[in-house]
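Asker: Fold the following, please.
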Amino acid sequence: MATTYRVSRNIEASFIDQLTTNFDADWSGINTTKSFAKVYEMELPAVCVRCGVTSHDRAQLGDNSTIRTAQVLLDFFCTSDGQKLDLLDYTVGKIKGGLIYYNYEIENGIVKTKTADGRIRIMDIDITHINFEVDRNTLDKHDRFRALITLEVRLSFLEA
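Answerer: Okay, the predicted model is just below:
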């Protein structure tokens, strides 16, 4: 039986699709996932896409429609500082103009249908370099060269 994703999962999957397409075209060997735990089972470099805090603001009086503003977190796990900086700049350049929002229908873990249904607009971008304040050589290889891109995004449509 097919599962239809709701908005938050569609946002994550749309970002994964966009990033995977870009990485496959311009880089090699970059893994993209929506599961933070799976990153630690993957080869580096890897990017984890997560949906964070979400707010719904009323679109107009007398109606239940809302405008969604969501936080999207892109966690980067790299093999060096240079690779981390290059991937961060590359990613910002590819997504700052926004991306297509897709509705997904999944069957047996595979995308059955993917339908374009608007845009994801990037409202704000913050980059944080993760520093655990210990000798990097004592850390798991996945935690040595990490960064986080925090995005504030808005959808191009009203939610009923």
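Asker: how about the strands of the protein, start to end?
Answerer: Listed from the start of the chain, the chain has strands (DSSP state E) covering 3-4, 31-33, 46-58, 66-78, 99-107, 110-130, 145-155.
Asker: Not counting sequence-adjacent ones, nearest residue to the residue most central in space within the chain?
Answerer: Within the chain, one residue has its C-alpha closest to the average C-alpha position: by CA atoms, centre = their mean, that is Val49, at 3.4 Å. The spatial neighbour of Val49 that comes closest, neighbours along the chain excluded (CB to CB, 6 or more residues apart in numbering), is Phe15 at 4.7 Å. All C-beta atoms are positioned from the backbone trio N, CA, C, and that covers glycine.
Asker: Could you do Gly52 as well?
Answerer: Computed as CB to CB, 6+ apart, the closest residue to Gly52 that is not its neighbour in sequence is Gln71, at 3.6 Å.
Asker: quick one: the one you found and Leu151 touch, right?
Answerer: Yes. Here Gln71 reaches Leu151: they are 6.9 Å apart, a contact under CB atoms under 8 Å.
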